[in-house]
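>>> Here is a sequence together with a model predicted from it:
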Amino acid sequence: MQDGTEVTGMVLSSMPVGEADRRVVLLTAELGRISAFARGARKPTSSLVSATRTFAFGKFTVFTGRNSYTLGKADVRDYFEEIVGDVERTAYGCYFAELSGLFSRENADGRAVLSLLYSALRALSRGKMPPALIRRVFELSVLHENGVLPDFSVCSDCGKPYFAGHFLKSRMQAVCTECLPEPAGIPLSRSALYALRFISGTPAEKLFSFTLSEAPMKELSDTADALLDMNLDREPKSLELLSVLGSETSGHN
Ligand SMILES: [Zn+2]
């Protein structure tokens, strides 16, 4: 067998295959999103049992096969036990993992999204920031990493810095209240704009560190929903579980 490649990554999803195997989707720093076959990973004695759990983060050795990668060994650094033990946190975590997969590709650098996912799951584990806000910060950051978050630093019409404006879905741009005084699109208050600017300019490990009151939270949520709607072909499946749980202060309606 040829030498494997060691990658840093996280298990986004894990599916039983055949009698004793698993197929995992990994988000890796080096190879982007890959699918890997884990032979015997459901045998209780296998060293891959815990390494193929959703959210397992660490170093994985993968071998290139004919159709997909094969998982050799793994050195897991974090299982995110605090998330797995809680239904609501698990629902959020699964949604973050699904979104990370949707915004990553194979053979593309996966570092930025991996680091966002890791930081979002750490914030979810710590339990200090409301999960609904972690969700919105994560969504907007992933959009930013993919180059599809509009510029909120200056008004797109007059080009000046501003402290109140609107996000126009028809243009996917934000304008200030001086250029557009009447109500339009999604209102953006000073706090919501501050949050949007913070998200565009802050490294992953420092992102999940603020709070937002109800009104700007709604503006942030509505903006994230509009942008995701525009950039995704379908609604992520794991969002259903979140809405069933009903704990979401959602941006819908
Ligand atoms: Zn303006």
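That came through, no problem. Fair warning: this is a prediction, and the values are worked out from it, not measured in the lab. Residues are numbered from 1 along each chain as shown.

>>> Might you report the residue contacts of the residue in the stretch 1-150 of the chain that the ion sits nearest to?
Closest contact between the stretch 1-150 of the chain and the ion, by Cβ to the ion, is at residue 150 (13.8 Å). All C-beta atoms are positioned from the backbone trio N, CA, C, and that covers glycine. For residue 150, the contact set (Cβ atoms under 8 Å, 6 or more residues apart in numbering) comprises 156, 167, 172-174, 227.

>>> now swap in residue 55 and tell me
10-11, 78-80, 83-84, 93, 97, 121.

>>> Tell me the buried residues within those residues.
Listed as buried from the contacts of residue 55 are 10-11, 79-80, 83, 93, 97, 121; burial here means 16 or more other Cβ atoms under 10 Å.

>>> Now those in JSON lines, please, with extra columns for secondary structure and pLDDT.
Listed next are the buried ones among the contacts of residue 55 as JSON lines, based on DSSP: H, G, I helix; E, B strand; the rest coil; pLDDT from 0 to 100:
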{"residue": "10", "secondary structure": "strand", "pLDDT": "98"}
{"residue": "11", "secondary structure": "strand", "pLDDT": "98"}
{"residue": "79", "secondary structure": "coil", "pLDDT": "96"}
{"residue": "80", "secondary structure": "coil", "pLDDT": "96"}
{"residue": "83", "secondary structure": "helix", "pLDDT": "96"}
{"residue": "93", "secondary structure": "helix", "pLDDT": "97"}
{"residue": "97", "secondary structure": "helix", "pLDDT": "98"}
{"residue": "121", "secondary structure": "helix", "pLDDT": "98"}
